[in-house]
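Novice: just coords:
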């Protein structure tokens, strides 16, 4: 650990110190209201949000690779595990706050394992439409969960739609003072974010709401207050172990939350790289975020995650290293110790206003418009993943949304784009024919391009497409050239299916050749699985034109133009 810290400080410039301290001040101003609100979202005492921020920031400063990344309590993952832990706690007679540290330990362990295995590629397994959809579903959960507090009416347990119907029915009984406080904080935060992300709108709104409460004694008008923070320092302890059934459910939930952390950490690392043009070790960042969750577990808090907006604040405020995060931790802890009693004047409705702003931020309307305009039917993935998260328990909906992302990617591979090629007049280029453009066809020659790796999911489909293309030709096919540039991978099953198909075509008098098998891995696999042997090494060419000239009866044997 000491070596890692010294390595991170090596090369530090003294002129960076003032920048890091300013960035730390800005980060603290943003973090205080956000961490208090996120703790509320997680169903935990408000001070645990501060604990999570301190644990995540310190652990990442020690172990992380990115110089700007801010780690702490995160409003994206908080509603995911809050609902799951609440249901486990109710079913088995545990306290929600008792399960959260153990859950943080599980999430942290999963992330550390991912980091040690250098499994950074996991971040690419969720498509943008699915991610956008489940974030929209989470935002709806946040809004419905915070509306009762914002309106000052009793909450209702149960399904999301039941709770929404209850809130709508309670609107005539809303407390206008609570509503005004929450709406005011929301408006201040929105306006500040439009002017500049460096303006701590949430903190300004929170301070304003607290002053209004203190000056006008709003608690006498039915406004519920946060109360003073516990000023005792957290003590390190191992979380208690529940029964095996509860641990099993928590492990499943931890895998979902860890997947979201991987996705968000990778996104933050790519958006705010330490050095432009330099490829960083994102797997190390996964492990560092995991170490933050483990540290949070040991002091009684909940899982942490990388934060895009807080990281942006560090970068835009001129921060140069993780010293900015450490300065922010020192400022936050000092403020909590010195002024913990001031939170007694913070209305719950004010925190709800901050959480509504968070919900607005993660409901990515502009991204949805882009997907609708440019992604076509992929907008249905947005709607489906949002519907899953809304209609089902949030952790179940999240898991199914992740599965849907995998199924979608598998469908694309299993139903690949396959096309018949033709020669561009006056050239040696074979290309998919375009409408109203002249193309040349060789009599008795079919050039077919499968646009995907050849594997067990699509081999039957590709062979069926080739058979259909052969049947469509006006003249009997004498030469079939498989343009294999898209075959970047060939597995055993795919090779065997194609070999059997090639044997049938050869028995029918069709010469089969392959061209442009350019991927080194695919060439090795084609040799190892016997696919090259089935075709014949002498019928494997570097270009389609070379194959046609060499093997077509209408061509000129022996020529091999470039």
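Specialist: Now that the structure is in, tell me what you want to look at. Owing to the predicted nature of the structure, the values given are computational and were not obtained by experimental measurement. Residues are numbered from 1 along each chain as shown.
Novice: hey, where'd the strands end up in this structure?
Specialist: 70-72, 305-307, 418-423, 430-431, 445-450, 479-483, 511-515, 540-541 (DSSP state E).
Novice: The fifth one pairs with which strands?
Specialist: What that stands for is strand 445-450. The strands beside strand 445-450 in its sheet (DSSP bridges) come out as strand 418-423 (antiparallel), strand 479-483 (parallel).
Novice: For the longest one, the averaged confidence score.
Specialist: Across strand 418-423, the average pLDDT comes to 94.
Novice: What's the end-to-end length of stretch 538-547?
Specialist: End-to-end distance for stretch 538-547: 10 Å, by C-alpha to C-alpha, to the nearest Å.
Novice: for it, the distance to its chain's centre please.
Specialist: Between the mean C-alpha location of stretch 538-547 and the chain-wide mean there is a distance of 43 Å, by C-alpha atoms, centre = their mean, to the nearest Å.
Novice: Deepest-packed of the strands paired with strand 445-450, please.
Specialist: Per residue and on average, the most neighbours among these fall to strand 479-483, with a mean of 24 (mean count of other C-beta atoms under 10 Å). All C-beta spots, glycine's among them, are computed from the backbone N, C-alpha and C.
Novice: quick one, it and strand 511-515 angle?
Specialist: 20 degrees (axes from the mean of the first three to the mean of the last three C-alpha atoms, to 10 degrees).
Novice: Can you list the low-confidence ranges for the protein?
Specialist: The chain contains residues with pLDDT under 70 at 1-11, 91-94, 231, 238, 240-241, 276-280, 553-562.
Novice: returning to what we had before: how about the strands paired with strand 445-450 in JSON lines, adding distance to residue 252?
Specialist: Below are the strands paired with strand 445-450 laid out as JSON lines (distance: least, C-beta to C-beta, whole Å):
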{"stretch": "strand 418-423", "distance to residue 252": "38"}
{"stretch": "strand 479-483", "distance to residue 252": "44"}
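Novice: show me what contacts the residue most central in space within the chain?
Specialist: The centroid of the chain falls nearest to residue 263 when counting by C-alpha atoms, centre = their mean (3.1 Å). Residues counted as contacts of residue 263 (C-beta atoms under 8 Å, 6 or more residues apart in numbering) are 123, 126, 131.
Novice: Pick the one among those residues closest to residue 76.
Specialist: residue 131 (10.4 Å; C-beta to C-beta).
Novice: Could you tell me how far the nearest residue to the closest one once chain neighbours are set aside is located from residue 256?
Specialist: Once flanking residues are discounted, residue 131 sits nearest to residue 263: 6.6 Å by C-beta to C-beta, 6 or more residues apart in numbering. Distance, residue 263 to residue 256, by C-beta to C-beta, to the nearest Å: 11 Å.
Novice: Residue 441 and residue 420 touch, don't they?
Specialist: No: the criterion here is C-beta atoms under 8 Å, and residue 441 misses it with residue 420 at 9.2 Å.
Novice: ok, back up a step: pull up the gap between the residue nearest to the centre of the chain and residue 413, please.
Specialist: Counting by C-beta to C-beta, the gap from residue 263 to residue 413 is 21 Å.
Novice: now swap in residue 447 and tell me
Specialist: Residue 447 sits 22 Å away from residue 413, going by C-beta to C-beta.
Novice: Looking at these two, which is more packed in?
Specialist: Ranked by neighbour count (other C-beta atoms under 10 Å), residue 447 and residue 413 place residue 447 first, with 25 against 14.
Novice: who's in contact with the residue lying closest to the more buried one once chain neighbours are set aside?
Specialist: Spatial nearest neighbour of residue 447, chain neighbours left out: residue 421 (4.2 Å); criterion: C-beta to C-beta, 6+ apart. Residues near residue 421 by C-beta under 8 Å, 6+ apart: 430-433, 447-449, 483, 544.
Novice: May I see those residues arranged in a markdown table, with distance to residue 160 as well?
Specialist: A markdown table is the format used below for the contacts of residue 421 (distance: C-beta to C-beta, whole Å):
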| residue | distance to residue 160 |
| --- | --- |
| 430 | 55 |
| 431 | 51 |
| 432 | 47 |
| 433 | 51 |
| 447 | 54 |
| 448 | 50 |
| 449 | 47 |
| 483 | 51 |
| 544 | 56 |
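Novice: Selecting buried members of those residues in PyMOL, what would you type?
Specialist: This is the PyMOL syntax for the buried subset of the contacts of residue 421, where burial follows 16 or more other C-beta atoms under 10 Å:
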select buried, resi 430+431+447+448+449+483+544
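Novice: and which of the contacts of residue 421 is nearest to residue 136?
Specialist: Nearest to residue 136 among the contacts of residue 421 is residue 432, at 36.4 Å by C-beta to C-beta.
Novice: May I have the phi/psi pair for that closest one?
Specialist: phi -60, psi 130 (degrees, to the nearest 10).
Novice: Check the one 4 residues further on too.
Specialist: Phi and psi for residue 436, reported as degrees, to the nearest 10, are phi 60, psi 20.
Novice: Next, work out how far apart it and residue 458 are.
Specialist: 31 Å.
Novice: now do residue 523
Specialist: Relative to residue 458, and taking C-beta to C-beta, residue 523 is found at 19 Å.
Novice: Also residue 208?
Specialist: Residue 208 is 60 Å from residue 458, where distance means C-beta to C-beta.
Novice: Please identify which of these two sits among more neighbours.
Specialist: Neighbour totals were compared for residue 208 and residue 458, and residue 458 leads with 22 against 15 (other C-beta under 10 Å).
Novice: My read is that the more buried one contacts residue 412, right?
Specialist: No: contact criterion C-beta under 8 Å: residue 458 and residue 412 do not qualify, at 9.6 Å.
Novice: which residues touch the nearest residue to residue 74 once chain neighbours are set aside?
Specialist: Closest residue to residue 74 apart from its sequence neighbours, by C-beta to C-beta, 6+ apart: residue 305 at 3.6 Å. Applying C-beta under 8 Å, 6+ apart to residue 305 gives the contacts 56, 71-72, 74, 76-77, 260-261, 264-265, 289.
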